[in-house]
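>>> Below is the sequence, then the predicted model.
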Amino acid sequence: MRGMPLRMRDLLGSFLHRIEAIARAWNERRKSSSARASQPGHRNTPSIPSPSDIDDLYASGIFVVGHARSGTTVLQMALNTSPDIFMFGEAYLHLHHAKPGFAAWYRAMHAQFKNPPGKDSYCPDFGAPDADGWATLGALRRRYRLVGDKLAFRHRSLGYDPTSSFKFLADHFLGSYFLCTLRNPNDVLWSNQTMFEPSAIDNYIVSYLECLSHELDIFFLFDRSVFVTYEDIEPQTFEVLGKWLGCDLGQAFSCYNEDRLASRHPAPIGADPALLQLAVTYYTRLRRLIDPSTLTCTSRFALDKLHRELAADVARLTEASCPVRSIADPQAQSAGPVRRLLPLCDKVGSLSAFMKKAWRLVWMMPSEMRPALRANRNDP
């Protein structure tokens, strides 16, 4: 520092002095924290749970995943008949795993829905009322062989997020069991329309397709995953599942009403026919690839192809900034087949913005329409 101006040396010395003071304070704080942690009864709460906090939940979880009204609840009830299984009912652990007083919150949620106490609606706190979701799962795991949750998704606009759920499950439950539900979209959408009375049923068709894509993501990533088709459920289904899970499911099929299993519903009112047909097509293709007697896939090659096609279609459907509006309004019906197939946006910034959004969805159209559309694209 000899050649430095005096003022510069003073500033640099002051800066180095402050750095040393900060370093000393940090070391003292770290030593103090270590001393507290070594005291009896002290428990750290890490942001990422350690194996000791959640026992062996990595490979001991069980999850039912599907769209709302696709048979997730009755399958969860059936699995909960086993003395080896405890499953929550829509606790959505990816959102609430760190919530203090988790058990009390869960009980209050189901009490609000007027659900009577049961495995799917009541969680004991095991003498630790302030315990979070991880600690509660750990306590349950010490009493049951498999513990988990039922996840039923609807449209993203209602707060459902399959993407964050998928990441959470992949981070913490990669070795666990997953049962993905599959049901005819006409029945799923009719039931949603009857129960929730949505203003735009087409949003539910999009969420049905997105949930189907999410289930296929699970199937291809998680080794212990199967599809359970609602229409194909029979007593043998739970014999297969019982052997697979290593659990007693002798009473599981008694949760099902055979008349309801056989019943079919009409297409939902006001649904876009082309969008609904897209959902029916993917459901039919997927169902044909699942052997109901063994719950195994008959062709991984065909399933992988379906997975990629569905992911591409879902990306095109969900990338539009405006929600899909029902195409059943009079203006859309009288505008010809091409106009009917384009989702209508309530707010479009400009004609060019509308055209940009519209042409992104061209490939949603049936293949026989695409050549005519390309030929007429430059017409006045």
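Noted; the coordinates are in hand.
>>> okay, how far is it across stretch 263-277, tip to tip?
Its start and end residues considered, stretch 263-277 measures 20 Å (CA to CA, to the nearest Å).
>>> mind listing the helices for the stretch 251-380 of the chain?
With DSSP state H, counting those that start in this stretch as the criterion, the stretch 251-380 of the chain has helices at 258-262, 273-288, 300-318, 330-333, 337-341, 351-360, 370-375.
>>> Show me which residues of stretch 194-202 are buried.
198, 200, 201, 202 (16 or more other CB atoms under 10 Å). In this view, the C-beta of every residue, glycine as well, is placed from N, C-alpha and C.
>>> scratch that, stretch 100-107
Quick answer for stretch 100-107 (16+ other CB under 10 Å): 101, 102, 103, 106, 107.
>>> According to the record, where do the domains of the chain fall?
52-318, 330-375 (automatic domain parsing).
>>> so how far is residue 113 from the closest residue in space to residue 95 that isn't next to it in sequence?
Distances taken as CB to CB, 6 or more residues apart in numbering place residue 164 nearest to residue 95, at 7.9 Å, with adjacent residues excluded. Separation of residue 164 from residue 113 (CB to CB, to the nearest Å) stands at 23 Å.
>>> Those two: who's more crowded?
More crowded of residue 164 and residue 113, by other CB atoms under 10 Å: residue 164, with 12 against 9.
>>> The more buried one against residue 92, yeah?
No: if you go by CB atoms under 8 Å, residue 164 and residue 92 don't touch, sitting 9.8 Å apart.
>>> Just the pLDDT for residue 237.
Residue 237 is assigned 97 on the pLDDT scale.
>>> For my notes, confirm it occurs in a strand.
No: counting by DSSP: H, G, I helix; E, B strand; the rest coil, residue 237 is located in no strand; its state is helix.
>>> hang on, it packs against residue 230?
No: contact criterion CB under 8 Å: residue 237 and residue 230 do not qualify, at 10.3 Å.
>>> Identify each buried residue in stretch 162-171, please.
162, 165, 166, 168, 169.
>>> OK, contacts around the last one?
What that stands for is residue 169. The contact partners of residue 169, by CB atoms under 8 Å, 6 or more residues apart in numbering, come to 63, 94, 176, 178, 218, 222.
>>> which parts of stretch 294-307 are buried?
By 16+ other CB under 10 Å, the buried positions in stretch 294-307 come out as 295, 297, 303, 306, 307.
>>> My read is that the second one contacts residue 286, right?
No: counting by CB under 8 Å, residue 297 does not reach residue 286; the two are 9.7 Å apart.
>>> Mind listing the shared neighbours of the two?
Contact criterion CB under 8 Å, 6+ apart; residues shared by residue 297 and residue 286: 227, 303.
>>> picking up where we left off before, of the buried residues of stretch 194-202, closest to residue 183?
Closest approach between the buried residues of stretch 194-202 and residue 183, by CB to CB: residue 201, at 16.1 Å.
>>> Would you confirm that that closest one contacts residue 271?
Yes: with contacts defined as CB under 8 Å, residue 201 counts as touching residue 271 at a distance of 5.0 Å.
>>> Using CSV, lay out the buried residues of stretch 194-202 together with secondary structure and pLDDT.
Shown next, in CSV, are the buried residues of stretch 194-202 (DSSP: H, G, I helix; E, B strand; the rest coil; pLDDT from 0 to 100):
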residue, secondary structure, pLDDT
198, coil, 92
200, coil, 91
201, helix, 94
202, helix, 94
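>>> just those residues now: which is nearest residue 317?
Residue 317 lies nearest to residue 202 out of the buried residues of stretch 194-202, by CB to CB, at 9.7 Å.
>>> what lines up beside the host helix or strand of residue 66 in the sheet?
According to DSSP states H and E, residue 66 maps onto strand 61-67. Strand 61-67 pairs in its sheet with strand 146-153 (parallel), strand 177-182 (parallel), by DSSP bridges.
>>> Using TSV, please lay out those together with mean pLDDT and distance to residue 189.
As requested, these are arranged in TSV below (pLDDT from 0 to 100; distance: least, CB to CB, whole Å):
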stretch	mean pLDDT	distance to residue 189
strand 146-153	96	14
strand 177-182	98	14
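>>> Can you say which of those strands is nearest to residue 281?
The closest of these to residue 281 is strand 177-182. By CB to CB, the value is 13.7 Å.
>>> CA atoms only: put that closest one into CSV for me.
What follows is strand 177-182, C-alpha atoms only, in CSV (Å, rounded to 0.1, in the frame of the first residue of the first chain):
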residue,chain,number,x,y,z
TYR,A,177,-46.6,-47.1,-5.3
PHE,A,178,-48.8,-45.2,-7.7
LEU,A,179,-52.3,-46.2,-9.0
CYS,A,180,-53.5,-44.0,-11.8
THR,A,181,-57.2,-44.0,-12.5
LEU,A,182,-58.7,-44.1,-16.0
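>>> So for it, what gets flagged as buried?
For strand 177-182, a neighbour-count test (16+ other CB under 10 Å) marks 177, 178, 179, 180, 181, 182 as buried.
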